[in-house]
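**Q** Quick one, what's the 3D model for this:
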Amino acid sequence: MASDSIMANRNGQESVSLNGEPVVKRPRDSVEPDLSLRALKEPQNKVTVVLGAQWGDEGKGKVVDLLAMDADIVCRCQGGNNAGHTVVVDSVEYDFHLLPSGVLNKKATSFIGNGVVIHLPGLFEEAEKNLNKGKGLQGWEERLKISDRAHIVFNFHQAVDGIQEQQRQQQEGKNLGTTKKGIGPAYSSKAARNGLRVCDLVSDFKVFEDKFRMLAEHFLTMYPNLNVDVDGELKQLKEFAERLRPLVTDGVYFMHKALTGPSKKILVEGANAALLDIDFGTYPFVTSSNCTVGGVCTGLGVPPSYVGRVYGVVKAYTTRVGVGAFPTEQDSVTVAKQRKRVWCDDGNLFTLIPALDILDTLPEIKVGVAYKVDGEPLPSFPANMDVLTRVSVDYQTLPGWRCSTESARSFEELPSQAQNYIRFIEDFLQVPVKWVGVGKSRESMIKLF
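**A** Model (predicted):
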């Protein structure tokens, strides 16, 4: 018998003996490949990203508000209502925690992506408070979209957050300084795959209720003293589901259409900051999400090739709220919480400095330019917090300008010492500074190029 691998020609057609059964392979029609499919295509619409480059509170909301004036879509990609962005428009101060700061632009669509964890009472309370402040938020529900894949923060997540902080204090003598907004426990539920998403809430409520009760029981098993009003929260969530349903969309499809459709300007507003990133921050004194550019891709469903300009926002001097290592700390100032004050020192992306005027009264400005441990220079930011707490800092001192910059509306109108300070930052980091702020309003942002 001929081998299975033997090939022969029968009437001009190729045949193969396969387990004794001849199989005839007929010639295919000749089809020319579509070479255009093989060519690399430049993305139609790229996203512009605004991220915090330090420990948060850098003024991202002010920057996003400025850029959002010209945007078609403004997105949140991670975090929850543990973030806080302040925007001043027409002398009215709006405070945002879950809503994208661009919601004030009535021509833009605001989008909360799948990477965000949403506390629904907090969302609607935030909207109500800002509505009472001014006209900026009128009609917000008509221009807000929420990803169906976003996870929900429940009241018991917030209660667990508080219990965990108490336990850390009792067991280790220190806590993480969380906002107790339930962000960590909600992301834990997401990772444990027993969390509930927006799509669950707006679907069959009976199925949602069963899953909710199971999740509540899960936390009650771990924390027997947890105060959970399951029935009360379910009643509230059922009401929220009706308000939420018109806002919910398939987030992946929404972003795909935005990226590949007609020309659009898409802005992404990061929450928290690089040194609070769960992977790259001062762990464990960090938040529970990726605050760096990777969080944009996973939190919105944006391919890396569609990420365009990335702006890092920094303070003229850095502050850190809460607990954690802070190498260039000089003194403490009490503003609602303990706030540590430092000089600008980390090697992040310096492109936007929204509050240069904070330095107006200082006779000199110290800039941290290097870290040392036991007299040896560190080539990079250490991952180990024990090392970070032991570093010494090399400073370079620059002269201050000791006069108000608030009336300046161009780089040339700034004092020469302020100009030199900006140029020093650019030269040291090899990153251009695009905007400088000298006040709270939109008009106080100076564009350098």
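**Q** State the mean pLDDT of the helix or strand encompassing residue 423.
**A** Per DSSP states H and E: residue 423 is located in helix 416-429. Averaging pLDDT along helix 416-429 gives 91.
**Q** what comes into contact with it?
**A** With contact meaning C-beta atoms under 8 Å, 6 or more residues apart in numbering, helix 416-429 is reached by 344, 347, 349-350, 353, 356, 359, 365, 367, 369, 396, 398-401, 405, 411, 414, 432-433, 436, 448. The C-beta positions use only the backbone N, C-alpha and C, and glycine is treated the same way.
**Q** now do 6 Å
**A** For helix 416-429, the external contacting residues (C-beta atoms under 6 Å, 6 or more residues apart in numbering) are 350, 398, 399, 401, 432, 433.
**Q** List the buried residues of it.
**A** 417, 418, 421, 422, 425, 429 (16 or more other C-beta atoms under 10 Å).
**Q** Need the residues you listed in JSON lines (columns: distance to residue 120).
**A** Below are the buried residues of helix 416-429 laid out as JSON lines (distance: C-beta to C-beta, whole Å):
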{"residue": "417", "distance to residue 120": "49"}
{"residue": "418", "distance to residue 120": "45"}
{"residue": "421", "distance to residue 120": "44"}
{"residue": "422", "distance to residue 120": "43"}
{"residue": "425", "distance to residue 120": "41"}
{"residue": "429", "distance to residue 120": "41"}
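**Q** Tell me the one among those nearest to residue 149.
**A** residue 429 (36.5 Å; C-beta to C-beta).
**Q** which stretches of the stretch 101-250 of the chain form helices?
**A** Along the stretch 101-250 of the chain, counting by DSSP state H, counting those that start in this stretch, helices occupy 120-131, 155-172, 183-192, 198-201, 205-222, 230-244.
**Q** So for residue 144, which of the ones you listed sits nearest?
**A** helix 120-131 (8.8 Å).
**Q** Quick one: mean pLDDT for that closest one?
**A** 96.
**Q** Give me the nearest residue to residue 284, chain neighbours excluded.
**A** Among residues not flanking residue 284 along the chain, residue 176 sits closest, at 6.3 Å (C-beta to C-beta, 6 or more residues apart in numbering).
**Q** Next: residue 240.
**A** Nearest one to residue 240, counting by C-beta to C-beta, 6+ apart, is residue 120 at 4.5 Å.
**Q** again, but for residue 444
**A** Nearest residue to residue 444, sequence neighbours excluded (C-beta to C-beta, 6+ apart): residue 438, at 5.0 Å.
**Q** For the one you found, give me its contacts.
**A** 356, 357, 405, 406, 408, 444.
**Q** Apply 8 Å and report the result again.
**A** Residue 438 is in contact with 356, 357, 405, 406, 407, 408, 414, 444, 446, counting by C-beta under 8 Å, 6+ apart.
**Q** follow-up on the earlier one: out of the buried residues of helix 416-429, who's nearest residue 80?
**A** Relative to residue 80, the closest of those is residue 429; by C-beta to C-beta it sits at 30.8 Å.
**Q** what about the closest residue to residue 413 other than its chain neighbours, which helix or strand?
**A** With C-beta to C-beta, 6+ apart as the criterion, residue 413 has its nearest non-adjacent residue at 7.5 Å, and that residue is residue 407. Per DSSP H and E, residue 407 falls between elements, in no helix or strand.
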